[in-house]
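> please find the sequence and the predicted model below.
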Amino acid sequence: MDVYDRLACLFKALANPTRLRILYALQNGDQYVDHLCVALDRRQPNISQHLTVLKQAGLVQCYQVGNRIRYCLPRQEVIRLLELASATIQKRVTPLAQTVWIRCHCPRCQQIREQAMSISVWLTANDCGHRVRIAVARVDEGGISLSIAGTCASALSLGEALPPLDLADELSKPLNETQVYTLAMDYLCRSSCLVPGALLETLQVIAGLATPSTSRIVFASQAANPIITRG
């Protein structure tokens with residue numbers, strides 16, 4: 001098989017929306033097969049069939065972890081190929097929602113759920129001097145619930161009013177349409193309060209759209225000493 005035949009096989013493997021979604025999902029790191037099934041809302045036989053095509057074309061590779069198979073992109077050039085393909089249609093491909101871990105039961109997502117339950121943030125809210133803690137209260141199939149503790153009565157009232165939140169839905173809305181923002185306008189004593197922003201940043205970290213190290217607020221385990229930030 002000459003180079004043109006190999007290129008033809010490669011582009012044939014790419015000529016399928018589901019296989020492209022798999023490759024974009026693997027841009028975020030290697031994944032278990034059952035995780036890809038949940039992320040793409042496909043049955044395992046269907047995903048496995050597409051993964052076989054991608055593997056034969058050299059676009060993915062796999063390795064075994066216990067009794068499970070994980071797939072990854074074998075080379076950085078594959079990511080570059082996807083970026084170039086997106087550029088030709090002059091439209092940025094939107095990454096898959098990062099909240100798959102709420103519904104997925106692969107080992108990695110189970111670990112993320114455990115970590116999410118321990119996320120908390122302490123902050124001192126500028127000139128008012130109140131201390132507030134935001135913590136994940138519950139993670140389940142429907143989303144997450146946040147609890148608020150601290151010295152600010154308005155923030156405590158907001159915490160009591162916050163319903164369970166669907167992460168994907170909340171983070172896909174414009175800021176002024178999120179439940180966090182609209183409720184904050186009813187309960188907080190000043191528009192400059194940092195609590196709504198801290199709540200939304202907490203959701204972004206939990207969803208995997210940001211990491212504690214890149215956030216403007218400082219996250220800590222519930223077991224750790226409080227960390228005061230943005231004072």
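In hand now; what should we look at? Numbering: from 1, shown residues only.
> for the strand ranked longest in the chain, buried residues please.
For the chain, the strand with the greatest residue count under DSSP state E is strand 131-140. Using 16 or more other Cβ atoms under 10 Å as the burial criterion, the residues of strand 131-140 that qualify are 131-136, 139. C-beta here means a position set from N, CA and C on the backbone, and glycine is covered the same way.
> again with stretch 51-68
Within stretch 51-68, the residues that count as buried by 16+ other Cβ under 10 Å are 51, 53-54, 57, 59-60, 62.
> which residues does it contact?
By Cβ atoms under 8 Å, 6 or more residues apart in numbering, the residues outside stretch 51-68 that reach it are 9-10, 12-14, 16, 19, 22-23, 26, 32-34, 36, 69-74, 78, 106-107.
> from the buried residues of stretch 51-68, which land in strands?
Mapping those onto strands (DSSP E) picks out residue 62.
> on that earlier part again, list buried members of the contacts of stretch 51-68 by neighbour count.
Burial by neighbour count, judged by 16+ other Cβ under 10 Å, picks out 10, 13-14, 19, 22-23, 26, 32-34, 36, 70-71, 73, 78, 106 from the contacts of stretch 51-68.
> if we can go back for a sec, nearest to residue 120 among the buried residues of strand 131-140?
The shortest separation between residue 120 and any of the buried residues of strand 131-140 is 4.0 Å, and it belongs to residue 135 (by Cβ to Cβ).
> pLDDT wise, what is the closest one at?
Model confidence at residue 135, expressed as pLDDT, equals 87.
> for it, give the beta-bridge partners.
residue 120, residue 147 (DSSP bridges).
> contacts only, for it.
Neighbouring residues of residue 135 by Cβ under 8 Å, 6+ apart: 119-121, 146-147, 149, 222.
> could you check how far it is from residue 36?
To residue 36, residue 135 is 31 Å away according to Cβ to Cβ, to the nearest Å.
> what of residue 194?
Taking Cβ to Cβ as the criterion, residue 194 is separated from residue 36 by 38 Å.
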